Structures are given as structure tokens and as C-alpha cells.
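[1] here's my sequence, what's the structure:
(chains A and B)
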Amino acid sequence: MLKITDLNVAYGEVQVLWDVNMEIHESEVVALIGANGAGKSTLLYTISGLLKPKSGSIQFMGKEIAGLSADEVLRLGVGQVPQGRHLFAGMTVKENIMMGAYLRKDKKAVKEDFEFVLDLFPRMAERLNQPAGSLSGGEQQMCAVARGLMAAPKLLMVDELSLGLAPLVVENIYNAVEKVIQRGMTVLIVEQDVFLALEQADRAYVLDVGHIVMSGPADELMENPKIKEAYLGI
Amino acid sequence: MSDQKKAPIRFSSLDGLFKGRQGVLFSIFLLFILFLGVFPFLPFASGFWLNTLTLILLLAAMSIGWNFIGGYTGYAAFGNVAFFGIGAYGTGLSMIRLGLSFFPALLIGAVAAMVFAILIGLPILRLKGHYFAIATVAIATALGEIADSWTSFTGGAAGITLPFFDPIEWSGQFFYYMAYLLAIGGLLLTWFILNRKMGYSWVAIREDEDAANMMGINTTWSKVMAFALSALMAGLAGGIYAYWKTFVLAEEVFKIEYTLQMILAAVLGGTGTIFGPFIGAFIYYILITLLVFFLPVGQLHATILGAIIILVMVFTPKGLMDFISGRKKLSINALLENIRTYRV
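    Modelled structure (predicted):
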């Protein structure tokens, strides 16, 4: 579904990603793990069209998307929940969630999806008319996930959902992600919490200072002594 | 983030418009609009009053336009007078050089302002914050200089003289209604856009431009549209002003003060609200008039006005609409709360 070949990305002179190769198949859950500053978010931003690659190719469902603008990429079906939530603080929760469906014209399906995300996050249903800026951190993350889902993407990329949240809240949010996965959505999970990511994923890639240094089935990586030492601390 | 950090944006919807305090205010506002609509036929409508109200309505229209880019989209445009000037020159030159009558000339002036906004908007709307603000000031200033020195085309420092409105005894009423229709049209346009995706995209860009991009909003297109529509309002106002005064001079129609007035009216009334700029234009004129009346000595009124503006910016950065609409109760606490909330 998504095929990245020899991707190089740089901010001006500073190269952040080096010859990245990666593949995601339909209905697969892939984790992208790595330490702070490894280039995970840069890779997401490049896929979603917010950054332009220096060289290399990104193919989505057979179509080259490297260099397309963000709205064109989203139109093709690649959606994301950005790190740091990026909610529209002054808009209400309902407006935020509906902004996710900005490009969609199928009103009936949008309405169904809206009900689906409210089912997924009943807390959002209680707070529909509240400004998003007034929500707690966990609620904001739920709102961001709900907004991401409203785009009805074929591939959903979620970036650091667990950041700065209490374990119980994280569990709550990942339960919702699991329900989405069960519906057959293809998901790319980017996480610093390696254990959490590997638990959800079928396969995983490990990114280290801009290079993919390891990849494979998630359960194998979980047992890998190097991973255990470097990321899991056991 | 603390509770209630920002008040929710009210997207206009017609339900509830006539209910509660909001409804009372809206009804008063509608009555006021109606009153303005019949004003020229009232016995006390002297030339002085028509003149003053025409000025206020033109300011209101430009402020409504500025609100598109400055209030809703959140880009600090400090050069909207450029569009006023282009509208004035476009209309004036079309009338005297092409011999067109007023309305087609006005259309040319307004379209010229819009086209110019699109052309400069494409590059400068990529700038953010101060950089954008400075670019807009620079462009407005440069245009003024060009109009002033390009004597063969614009008449230079001698200006251009337009024909009088005919029949001249209806001139006051005619320009009053032009300004009135423009301001009301601006209000309707704001309301119309806010109920469409375009309006949501503007607010989304103001709140978080990166996120707006991720939602699939073509942010460049949205911003350029906001800029072009604000140019349309200012351009039309400029054209009407030119024919009204029957004279166009660069240093008059490219005055940077006009930009400041548009912004002040919007800020006083409330940026990012439908009625804020309209009401703000009246508040601004009343303030100015009172100050000049009570403080006829020298430039003291300008100083006091400056002080009032600073107080408004510090204590009610969202404009007086917050208190008028009852969204917040006017109290010392609310004012102090505002300082805490909006300090940088």
C-alpha cells in the first residue's frame, strides 16, 4: 500500500533521514520506533506532504506522492494524528472533529463516522460544545484521534499518542485505536514507548539517527536482545 | 492549558439568534440598521450628519474587509489602504481616461484591487507574523510613492479631478446609500462565508496553520481569498470615496492612517466577529468626536485616543463585543483575567 524507497530528507544543510526503505501492506499495523530525534516525525511529515524529500520515492497505492502537497496526499487517503495534537484551540470539540472531514463530500458517511468516533470516545460526546483548548491533555488527544479518523483515511498515521499522558489514559486511547484496527484500517504507529507500539503492531521498523537499523515482525523484535537493552530497559 | 483559555468561536447560525440576551442585542442591531436605512429621509438628516455617517459606513465596510484577513485568518495586514488607493485611482482613472460611467469604473477599480491582492498575496502570505505585517506596510507605502510620482498616468501631485455626481442635489443621499449598501453587503458576505468551508478554513489557519494543512485545507488558496476579499471591500470603498470627493490624490488615498482606522475599528468592536468591525467603526468615530470636542487644544485628543486604545488592547483584547454580547461580565476581575489570558 505504501512503499518508500531510498528516501533522503534534509532541513536545509542538515540531513535527517538517510536512504530510508519501508513498506506497509493493506490492513497491516506497522510500528515505527526510535529514540527522540531519530527522525520519526520527519518521516511522517514527509509522507503527508508537509515536507519535501531531497531524493527518493514514496508510493501510495501505486501512485508517487513524494512532493505532492498535504491536501493532495490526504485526498488520496493518507491521514494523520500529529504529535502534540495540534487542535484548533478556539473551536469547539465538535468543530474540531468535523474539521477532519473538511475534504469529504459524502454527507451521510460523514455523519455515520461522526457517530462512530463518538462511540469510540464517549467523553467527546459530553464535551461537544466546549472549546477544545479547555480539555484536559488526555481529552485533547482523544479529540485529535477522532479528528484524524473523520478524514476516513485508508492509511492512518498516529504520532506519539502516549506523550505526556497518564498510563490509564494511554490505555484508553490505544483501546480505541485497537477498535479502529479491528475494522481493518491500515495504521502506522509512531511511538517512543516501544513496548506499547510493539504490542499493537504486526511489524516494526527501528529508526536510529536517520537510518532504519532493524525491521521485522513485532513479536520477534520484542524478543530481540538489542531492542530489549536499548529501548525496553530489561 | 487552563480552563476557558479561549472563548469558543461562534459560527453564525440562525437558530437562537432571536433568543435571550443575544436575541435582544441582535434585534437592537437590526433596528439600528433599519434606522440607518431610512436615515436620509428623516427631518433632522442634515448634510453634516449624512456626511459623517457616510464616512463611518465606509470605515465600517473597510474594517469588515480587514476582519477577513486580520480577524478570521489572523494575518496582521497593515497595508489595506493600498487597496483603498487602488480602488480610488482605478475608479477615477477609468472615469476620466476611459470615459466610463461610475458603476463600470467602480467595478474596474475593485477588480484591480482584488487582482493586486492576489498577485502580492501569493508571495507575501507565505510570510508569518511581523514579516507579513512589514511587507504589507512596505507595499502600501511604495504604491503611494508610485502614484505620487507617475505624473503622466496618475496626475502626480496635482491629483485627478472627477466629474460631479449628477443630479448634484442628491449627491449626499447617493453616496450615503452606496456606503450603506457596501457595509451591509460586507456583513452579509461575512455571514455567508462563515457558514461555508471557507470560513472554517480561515479560523483553522488562525488557530493552527500546520493543523489546517493536515486537514487538507489548501491554506495558500484560503489565505489569498481572505486577502482578496478584504481588498474587494477596501477597493469598493476607495472607488466610492473618490467619486464622492471628486478628487484623487496619492497622499490622501494612500494614507497609512486609514489602515490604522480599519484595524482600530475592528479591534474596538471585536476582531473575528461578524458585527464587531461595524460597531467598532461607530465607537471609533464617537470616541474621536468626543475627544476633539472636549479637548480642542492642540493634539491632546490624539494622545488620549492613544491611551484609550492601549487600555482597550490590554484589558479587552477581544474587543468590546465580549462585554456587549454578555459573553463576559464587565468587572475588574474579567479585565484582569483578560490580561492573564492574552499576554504573550
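
[2] burial count for residue 175?
    Looking at chain A here, since you left the chain open. Residues near A:Asn175, counting by other CB atoms under 10 Å in any protein chain shown, number 10. (Glycine included, C-beta is placed from N, CA and C.)

[3] sorry, I should have been clearer: chain B.
    Counted with other CB under 10 Å, B:Phe175 comes out at 22.

[4] so who does it touch?
    For B:Phe175, the contacting residues are B:Thr54, B:Phe165, B:Ile240, B:Tyr243, B:Trp244, by CB atoms under 8 Å, 6 or more residues apart in numbering or on different chains.

[5] try 7 Å this time
    Shown in contact with B:Phe175 (CB atoms under 7 Å, 6 or more residues apart in numbering or on different chains): B:Thr54, B:Ile240, B:Trp244.

[6] phi first, then psi, for the residue positioned nearest the centre of chain A.
    Geometric centre of chain A, nearest residue: A:Val158, 1.7 Å, by CA atoms, centre = their mean. Per-residue torsions, A:Val158: phi -110, psi 130 (degrees, to the nearest 10).

[7] same check on A:Asn21?
    phi -120, psi 140.

[8] repeat that for B:Gly90.
    Torsion angles, degrees, to the nearest 10, at B:Gly90: phi -60, psi -50.

[9] how about it: what's its closest non-neighbour residue?
    B:Gly109 (3.0 Å; CB to CB, 6 or more residues apart in numbering or on different chains).

[10] using PDB, write out every CA atom in stretch B:251-261.
    Written as PDB, here are the backbone C-alpha positions of stretch B:251-261 (Å, rounded to 0.1, in the frame of the first residue of the first chain):
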ATOM      1  CA  GLU B 251      -1.100  61.300  -0.300                       C
ATOM      2  CA  GLU B 252      -4.800  61.300   0.500                       C
ATOM      3  CA  VAL B 253      -5.900  57.900  -0.600                       C
ATOM      4  CA  PHE B 254      -2.700  56.000   0.400                       C
ATOM      5  CA  LYS B 255      -2.700  57.400   4.000                       C
ATOM      6  CA  ILE B 256      -1.400  54.800   6.400                       C
ATOM      7  CA  GLU B 257      -3.900  56.200   9.000                       C
ATOM      8  CA  TYR B 258      -6.700  54.600   7.000                       C
ATOM      9  CA  THR B 259      -5.200  51.200   7.600                       C
ATOM     10  CA  LEU B 260      -4.900  52.000  11.300                       C
ATOM     11  CA  GLN B 261      -8.500  53.200  11.400                       C
END
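
[11] what comes up buried for that stretch?
    By 16 or more other CB atoms under 10 Å in any protein chain shown, the buried positions in stretch B:251-261 come out as B:Glu252, B:Val253, B:Phe254, B:Lys255, B:Tyr258, B:Thr259, B:Gln261.

[12] burial count for residue 108?
    Going with chain A. With other CB under 10 Å as criterion, A:Lys108 counts 7.

[13] think we crossed wires, I meant chain B
    By other CB under 10 Å, the residues close to B:Ile108 number 20.

[14] skip the chain neighbours and tell me the closest residue to it.
    Nearest to B:Ile108 is B:Ser94, by CB to CB, 6+ apart, at 4.6 Å.

[15] which residues touch that neighbour?
    Per CB under 7 Å, 6+ apart, neighbours of B:Ser94: B:Leu100, B:Ala105, B:Ile108, B:Gly109.

[16] what helices or strands is the host helix or strand of A:Thr46 leaning on?
    Using DSSP states H and E, A:Thr46 sits within helix A:40-47. In terms of contacts (3 or more CB pairs under 7 Å, 6 or more residues apart in numbering or on different chains; DSSP states H and E), helix A:40-47 is packed against strand A:2-11, strand A:14-24, strand A:155-159.

[17] quick one: the first one to strand A:14-24, angle?
    Right, the one you point to is strand A:2-11. 170 degrees (axes from the mean of the first three to the mean of the last three CA atoms, to 10 degrees).

[18] what about the longest helix in chain A?
    If you go by DSSP state H, chain A has its longest helix at helix A:167-182.

[19] tell me the first helix or strand C-terminal of that helix.
    strand A:186-191.

[20] and that following strand with strand A:2-11, angle?
    Using the same axes, to 10 degrees, strand A:186-191 lies at 40 degrees relative to strand A:2-11.

[21] how about the helix or strand following strand A:186-191: buried residues?
    Using DSSP H and E, the next helix or strand after strand A:186-191 towards the C-terminus is helix A:194-200. For helix A:194-200, burial by neighbour count (16+ other CB under 10 Å) applies to A:Val194, A:Leu196, A:Ala197, A:Leu198, A:Glu199, A:Gln200.

[22] what's the neighbour count on A:Lys54?
    For A:Lys54, the neighbour count with other CB under 10 Å is 14.

[23] do B:Arg21 as well
    B:Arg21 has 11 nearby residues by other CB under 10 Å.
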